[in-house]
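1. Here is the input, now give the coordinates:
(chains A, B, C and D)
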There are 2 protein chains.
Amino acid sequence: MEASTTGGSQTLLRGLDILEAVGRGPLLLDALAAELGLTKSTTHRLATTLVERGYLSSAPRAGYRLGPRLLDLGSRAQRQIDLIQVARPHLEALATLSGDTVHLGVRSDDSALYLDKIPGNRRIEISSRVGDRHALTTTGLGKALLLDGDARSWKALLAAEGAKGDRTAWLERMRGYADAGHAFDLEENEDRIRCVAAPIRDASGAITAAISVSSAAQYMKDDRMAALAADVRRTAATIGAGLGWHVD
Amino acid sequence: MEASTTGGSQTLLRGLDILEAVGRGPLLLDALAAELGLTKSTTHRLATTLVERGYLSSAPRAGYRLGPRLLDLGSRAQRQIDLIQVARPHLEALATLSGDTVHLGVRSDDSALYLDKIPGNRRIEISSRVGDRHALTTTGLGKALLLDGDARSWKALLAAEGAKGDRTAWLERMRGYADAGHAFDLEENEDRIRCVAAPIRDASGAITAAISVSSAAQYMKDDRMAALAADVRRTAATIGAGLGWHVD
DNA sequence: TCCTCTCGTCTCATAATATGGGACTAGACA
DNA sequence: TGTCTAGTCCCATATTATGAGACGAGAGGA
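-> Numbering: from 1, shown residues only, chains lettered A, B, ... in the order given. The predicted structure follows:
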């Protein structure tokens, strides 16, 4: 077995070897086996698995070539990398403009995963960090991620998160947020902390991420939240445009 | 074990499942395991293997995300698909212009692999086909693929292919071809068949493929070959431009 | 038309690897 | 300092992957 620091998975490594060998140029089965030091049947089995999942294509006597799934994953990888890079300058601008803490996050399972954070310039710090997972139904950013959902899925999440408080009022506010294109956290997630958030859409129009501005309640009176909402929606739309989103 | 028509490799399938799950959005280890119905240790082992090879990235508490290797393979996949698509209309035009058979090929191991073929309009057919592998040192297309090599690598190939004939003369002709940017087959590969070929360069300037025009010797007198060489070089350059190549 | 060759497909006894329970470690927070 | 979350690692055992090589398909030459 090939030496590896963690005793990695030999079969998976061989599959990846096949992808990289074919990445250097199309290959027939015997040539691929020879290049990787594998037998023909092992190579055939692994290559067939990769063809079935779309990572390779093959044609009689034309051998193996890279397949469409790699185009898809390549562009998804580009987008995952892009999101943070594209967003960062806009988040910094918004933090400067607002003076408050700005977050970028995505939905991961049934929580909000924080990918980036720009601190504000106030003495009060928001105690979040990159890598945190937070509730969807109580954080502003979490609610922004849910805006394209419907009442049924929202109710399911409320139940799953064991949310306290008046669910009817919560649903009513969510409908308003969905109409407005932004979401608020009115000290629901954390005492004395309020938040304005908006979703980021990708080229297909789907919500792919969200941003938020959080601060102590004393800096987040109702009229300031309304004003900030426009800034946050605009920043989210600018980031979305950088990812290929268009308002039509 | 998951049902599969060919009993595909479960471990490789699980690795691909991980890539696709992460392709839908960054995930922490436990979430990834739960989504795929795997145990934490199995998921960890497979994910670590993918991280080590660059297919995934990970950061403490930020979970797993798609890695740079997928950008690389995604663009290689794009190029492999592009080459045939970009080249086809140009090959057709050249076949119409010349009336002769046109081939597109790449180097695969130590042979020329034919990827596309456009028949000419003459009664005489060239008996090649897509998927064929041919010698590098005797076919025009093969020699075009070698033009950036040096005398030492050419001699090694001559020895490996057990080439007949005057090697000193062959090397002298190759130097001339390298200077001219095209290559000829003067009935070396097949009696009575002559060929004019030129290399296609990619965005990095490297030879990535080659094209050739082949015909019966009676249609390929020395003066016509010289005239055709310009057309073939121009077509190869146009295809290369479509792949991002620039003459600087 | 038949024989030969190349390339890919498939089986299954056996060898070898992958699995997963769960203890452990690191880092962060109250 | 204690608790919690997330990731790391071990190893007895279960399970999968392996690979030798027979076979089939398709193409070309005599």
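
2. okay, CA-based contacts and neighbour counts for the rest of this
-> Fine.

3. So the residue nearest the centre of chain A: helix, strand or coil?
-> By CA atoms, centre = their mean, chain A has its centre lying nearest to A:Val106, at 4.0 Å. Under DSSP: H, G, I helix; E, B strand; the rest coil, A:Val106 falls in the strand class.

4. Which strands and helices lie in contact with the biggest helix by length in chain A?
-> In chain A, with assignment by DSSP state H, the single longest helix is helix A:68-98. Helix A:68-98 is packed against strand A:56-59, strand A:101-108, strand A:111-118, helix A:222-242, helix B:10-23, strand B:63-66, helix B:68-98, with contacts defined by 3 or more CA pairs under 8 Å, 6 or more residues apart in numbering or on different chains; DSSP states H and E.

5. Now with 6 Å, please.
-> Secondary-structure packing of helix A:68-98 (3 or more CA pairs under 6 Å, 6 or more residues apart in numbering or on different chains; DSSP states H and E): helix B:68-98.

6. Quickly list the domain ranges of chain A.
-> Following automatic domain parsing, one gets these domains for chain A: A:10-66, A:74-242.

7. which of the ones you listed has the lowest average pLDDT?
-> When these are compared by mean pLDDT, domain A:74-242 comes last with a mean of 85.

8. out of everything not next to it in sequence, what's closest to A:Gln218?
-> Closest residue in space to A:Gln218, ignoring its immediate chain neighbours: A:Arg192 at 7.8 Å, by CA to CA, 6 or more residues apart in numbering or on different chains.

9. you'd agree that neighbour is up against A:Tyr219?
-> No. Applying CA atoms under 6 Å as the test, A:Arg192 and A:Tyr219 come out as separate, 10.0 Å apart.

10. Report the angle between the helix or strand containing A:Ala156 and strand A:111-118.
-> In the assignment (DSSP states H and E), A:Ala156 maps to helix A:151-161. Angle between the axes of helix A:151-161 and strand A:111-118 is 90 degrees (criterion: axes from the mean of the first three to the mean of the last three CA atoms, to 10 degrees).

11. so does helix A:151-161 get close to DNA strand D?
-> No. Helix A:151-161 stays clear of DNA strand D (CA under 7 Å from any atom of the strand), getting no nearer than 13.4 Å.

12. Quick check: A:Gly99 vs A:Thr139, distance?
-> Between A:Gly99 and A:Thr139 the computed distance is 20 Å (CA to CA, to the nearest Å).

13. And the two? Which one has more around it.
-> A:Thr139 (28 against 17; other CA atoms under 10 Å in any protein chain shown).

14. Next, that one: phi, psi?
-> Here is the backbone geometry of A:Thr139 (degrees, to the nearest 10): phi -90, psi 150.

15. Quick check: residues of chain A near chain B?
-> Residues of chain A lying near chain B by CA under 6 Å from any CA of the partner chain: A:8, A:12, A:23, A:49, A:61-62, A:66, A:70-71, A:74, A:76-77, A:131.

16. can the residues you listed go into a markdown table with extra columns for distance to A:Asp148?
-> Listed next are these as a markdown table, based on distance: CA to CA, whole Å:
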| residue | distance to A:Asp148 |
| --- | --- |
| A:Gly8 | 41 |
| A:Leu12 | 38 |
| A:Gly23 | 39 |
| A:Thr49 | 36 |
| A:Arg61 | 48 |
| A:Ala62 | 46 |
| A:Leu66 | 36 |
| A:Leu70 | 29 |
| A:Leu71 | 28 |
| A:Gly74 | 27 |
| A:Arg76 | 21 |
| A:Ala77 | 24 |
| A:Gly131 | 24 |
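
17. Quick check: the two most widely separated of these?
-> Farthest apart among these by CA to CA are A:Arg61 and A:Gly131. That separation is 48.5 Å.

18. Of the two, which one has the most company?
-> When A:Arg61 and A:Gly131 are compared for neighbours, A:Gly131 comes out ahead with 19 against 16, by other CA under 10 Å.

19. That one: what's it in contact with?
-> By CA atoms under 6 Å, 6 or more residues apart in numbering or on different chains, the residues touching A:Gly131 are A:Tyr114, B:Arg61, B:Ala62.

20. and if you look at A:Ala151?
-> Residues counted as contacts of A:Ala151 (CA under 6 Å, 6+ apart): none.

21. cutoff 8 Å now
-> Counting by CA atoms under 8 Å, 6 or more residues apart in numbering or on different chains, A:Ala151 makes contact with A:Leu171.

22. go on, A:Arg14?
-> A:Leu46.

23. Would you quantify the distance from it to DNA strand D?
-> 7 Å (CA to the nearest atom of the strand, to the nearest Å).

24. Repeat that for A:Leu115.
-> A:Leu115 is 13 Å from DNA strand D, by CA to the nearest atom of the strand.

25. Does that residue touch A:Ile84 like I think?
-> Yes. A:Leu115 lies in contact with A:Ile84 (CA atoms under 8 Å); the separation is 7.4 Å.

26. Which one of those two is surrounded by more residues?
-> Ranked by neighbour count (other CA under 10 Å), A:Leu115 and A:Ile84 place A:Leu115 first, with 21 against 16.

27. Quick check: that one vs A:Leu27, distance?
-> Separation of A:Leu115 from A:Leu27 (CA to CA): 40 Å.

28. residues from chain A in reach of DNA strand C?
-> So chain A meets DNA strand C at A:1, A:7-12, A:28-30, A:40-41, A:44, A:48, A:60-64, A:127-129 (CA under 7 Å from any atom of the strand).

29. Next up, identify which helix or strand A:Leu46 is on.
-> helix A:40-52.

30. mind listing what's buried in that helix?
-> Residues A:Thr43, A:His44, A:Arg45, A:Leu46, A:Ala47, A:Thr48, A:Thr49, A:Leu50, A:Val51, A:Glu52 are the ones in helix A:40-52 that count as buried (16 or more other CA atoms under 10 Å in any protein chain shown).

31. ok, now stretch A:236-248?
-> Neighbour-count burial for stretch A:236-248 [16+ other CA under 10 Å]: A:Ala236, A:Ala237, A:Thr238, A:Ile239, A:Gly240, A:Ala241, A:Gly242, A:Leu243, A:Trp245.

32. and if you look at stretch A:70-89?
-> Of all the residues in stretch A:70-89, those buried under the rule 16+ other CA under 10 Å are A:70-81, A:83-84, A:86-88.

33. contacts for that stretch?
-> For stretch A:70-89, the surrounding residues in contact (CA under 8 Å, 6+ apart) are A:54-55, A:104, A:115-116, A:239, A:242-243, B:20, B:23-25, B:65-68, B:70-75, B:77-78.

34. Also stretch A:207-224?
-> Under the contact criterion CA under 8 Å, 6+ apart, stretch A:207-224 has outside partners A:95, A:98, A:100-107, A:124, A:126, A:140-142, A:144-145, A:148, A:187, A:192-202, A:232, A:236.

35. can you rerun that using 6 Å?
-> Counting by CA under 6 Å, 6+ apart, A:100-106, A:141, A:192-201 sit against stretch A:207-224.

36. Any idea how far apart the tips of that stretch sit?
-> 25 Å.

37. ok now it, how far from the chain's centre?
-> A distance of 20 Å separates the centroid of the chain from that of stretch A:207-224, by CA atoms, centre = their mean, to the nearest Å.
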